[in-house]
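Enquirer: Using only what follows, build the 3D model:
(2 chains)
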Protein chains: 2
Amino acid sequence: MRATLIYGTRDIRLEEVPDPAIRFPTDAVVRVVASCVCGSDLWPYRGVRPVTEPSPIGHEFVGVVEEVGSDVRTVSPGDFVIAPFVVSDNTCRHCRNGINTSCEQLEWWGSTDRHGVRVDAGQGEYVRVPLADGTLVATPEQPDAALVPSLLTLSDVMGTGHHAAVSAGVTTGSTVVVVGDGAVGLCAVLAARRLGAERIIAMSRHADRQAVAREFGATDIVAERGGEGVAAVKDLLGGIGADAVLECVGTKESMAQALDSTRPGGFVGYVGVPAGGPELPIQKMFGTNVNVAGGVAPVRAYLPELLDDVLKGAIDPGRVFDVELPLDQVAEAYAAMDERRAIKTLLRP
Amino acid sequence: MRATLIYGTRDIRLEEVPDPAIRFPTDAVVRVVASCVCGSDLWPYRGVRPVTEPSPIGHEFVGVVEEVGSDVRTVSPGDFVIAPFVVSDNTCRHCRNGINTSCEQLEWWGSTDRHGVRVDAGQGEYVRVPLADGTLVATPEQPDAALVPSLLTLSDVMGTGHHAAVSAGVTTGSTVVVVGDGAVGLCAVLAARRLGAERIIAMSRHADRQAVAREFGATDIVAERGGEGVAAVKDLLGGIGADAVLECVGTKESMAQALDSTRPGGFVGYVGVPAGGPELPIQKMFGTNVNVAGGVAPVRAYLPELLDDVLKGAIDPGRVFDVELPLDQVAEAYAAMDERRAIKTLLRP
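Expert: The predicted structure follows:
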């Protein structure tokens, strides 16, 4: 089969690799229907995280089950399935607490597992899925093709945006600020609307992303950043910060923006992968009772409820995909996102 | 009247100062029935926070209203009142959000207010109370003398322990660890029990404090610290950390202890005044979804519900006072706490 490997900085190649097969009785093999490029894939792409050897890449995909191991019970050949961005058993104590990303049997797509076996990544034609019962979620029936982009967002960005909103305690009537206008930030806007937020301020300087944010439920756009951005937010919210600020970037600047935009007693819900820090300023947090919650999103735990809403048309997070390419143009898919020509690129094998 | 002033490191004096009088129509004058020394008073006492000039000290007191300004509506001469550890109007946006410690008219006992007028502190015979309607909470009738210590804890330590528990989301069935066995830590144990925690592990190495912790509802005591303490906690909790860890100290070590004792997806509720840091390790928090909430406790917001429970005998937080002294021995009250001969010292003018 063909699969995407990253060789180094800005060196993405689609190569012929061995077809995956069942190796453990809890495995399934999935034929990929759609996958995509994640903002976090740009880290090794840009050399922020060094690549030491050619590695399979991609952690978001949906597809159809081809084959299952003898212990697999919840999915069957022919099922349309969504794969969250990590492998989990969905039965251990952490999974039962809703934190599948801390699963006792956690594995990452594209890594080498605890048995020393390579785990496939998502940007290919087929994937061997470990712990298929825990990891995969099947749709009740074959979904309409038009739903595929939205279903694909449940692999990561929609669940991640939702995690930011849930972590920040967004509820009916909340005032919300979303820092970050990438696919996760836009999904966080949608998640906040879905949870009943009354006011949703999207911080964005790009017209295309502002448009999606509006469509997803943003009531206001703030293009300013830093102190001016904080002032603009407070201006919109009667002089104080927001109840909930969803930090969907992960830089020092974005976290500072989030902390400064939160009202005393409010929450920063953060899902931006912290880019080498910063540490959080506890003295400042202490004085204002600004709380910080979130982390790597346990999207598996949220998948059933979000899937319901996608299937009934209540949310359409697939709107974050503004470029679609065949898998053999995967290098261009990375370049388009790297150069901000695309919000998010969908790939079809 | 006589009032306590701090002159410098380990230099506490009871001195004759002018009697307080109404200066603003929103003031009340309160005759102090009981006050006490706070762990945070030991900071200037120990020289951790330098004292630049002789300053009135003490921020926890209960007493009887002597006189009120013309605008005061909710308390009257003769009322028994509890004063939270900060002055607040209880009407501004932050107060309505339950964060009186961020009040738009916030003042600190013993400081100089926005009008340049000295605010009295609590360790004296009388106190001019600014914003009396917002700040003071009166008991429905004159309380029994035996209740005074418990009522006095509502000024600070009981409300602060409660804030740790609320911030950490303690609820029915929670597993809880309390880091810190000072008066606040012990009150946090009591607060966790009150909120329905199933398992409460108090981290303490002192037999007298362990005894109070048990009495307050601790189901287990862990005397170890650091990695051994974390291992002991996990051992008691079936291998994972606690749902909620209440950090009631404020040092780098205590926060690390708290973060390491929390299960993935759990909360650290912190109320220990951060002693010059540390900053919080966001990378680690991100990976485990350990959340951090809390800060300077808005005890005014919690006062009515906690007062109810004290008056009906449901909680007896006054047990944290193990030494009682007349006000003229205030210097010894500090020394006893500094030298850990007392958990908390109550002072009677």
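Enquirer: And residue A:309, how far from residue B:312?
Expert: 45 Å (Cβ to Cβ, to the nearest Å). Bear in mind the C-beta positions are built from the backbone N, C-alpha and C, glycine included.
Enquirer: Pull up the residues of chain A that are close to chain B.
Expert: Neighbours of chain B within chain A, by Cβ under 8 Å from any Cβ of the partner chain: A:93-94, A:97-99, A:101-102, A:167, A:238-240, A:255, A:263-265, A:267, A:270, A:273-274, A:276-283, A:285-296, A:298.
Enquirer: switch to 7 Å and redo it
Expert: For chain A, the contact set with chain B under Cβ under 7 Å from any Cβ of the partner chain comprises A:93-94, A:97-99, A:101-102, A:167, A:240, A:263-265, A:273-274, A:277-283, A:285-289, A:291-296.
Enquirer: Just the buried ones among these, please.
Expert: A:93-94, A:97-99, A:101-102, A:167, A:240, A:263-265, A:273-274, A:278-282, A:285-289, A:291-296 (16 or more other Cβ atoms under 10 Å in any protein chain shown).
Enquirer: Can you give the domain ranges for chain A?
Expert: With automatic domain parsing as the criterion, the domains of chain A are listed as A:2-156+A:298-348, A:161-294.
Enquirer: Any idea what the nearest residue to residue A:330 once chain neighbours are set aside is bridged to?
Expert: Closest residue to residue A:330 apart from its sequence neighbours, by Cβ to Cβ, 6 or more residues apart in numbering or on different chains: residue A:4 at 4.9 Å. Here residue A:4 sits in beta bridges with residue A:14, going by DSSP bridges.
Enquirer: what's the burial count for residue A:4?
Expert: Residues near residue A:4, counting by other Cβ atoms under 10 Å in any protein chain shown, number 28.
Enquirer: show me what contacts the residue nearest to residue A:168 when sequence neighbours are not counted?
Expert: Excluding the flanking residues, the one nearest residue A:168 by Cβ to Cβ, 6+ apart is residue A:269, at 2.9 Å. Contacts for residue A:269 (Cβ atoms under 7 Å, 6 or more residues apart in numbering or on different chains) come out as A:164, A:165, A:167, A:168, A:244, A:246, A:293, A:294.
Enquirer: The first one against residue A:272, yeah?
Expert: No - in this structure, residue A:164 is not within contact of residue A:272 by Cβ atoms under 7 Å, at 8.6 Å.
Enquirer: Mind listing the shared neighbours of those two?
Expert: Joint contacts of residue A:164 and residue A:272 (Cβ under 7 Å, 6+ apart) are residue A:248.
Enquirer: higher neighbour count, those two?
Expert: Between residue A:164 and residue A:272, residue A:164 has the larger neighbour count (other Cβ under 10 Å), namely 35 against 26.
Enquirer: So residue A:298 versus residue A:103, what's the distance?
Expert: In terms of Cβ to Cβ, residue A:298 sits 9 Å off from residue A:103.
Enquirer: Of the two, give the one with the bigger neighbour count.
Expert: Set residue A:298 next to residue A:103 and count neighbours by other Cβ under 10 Å: residue A:298 wins out with 27 against 24.
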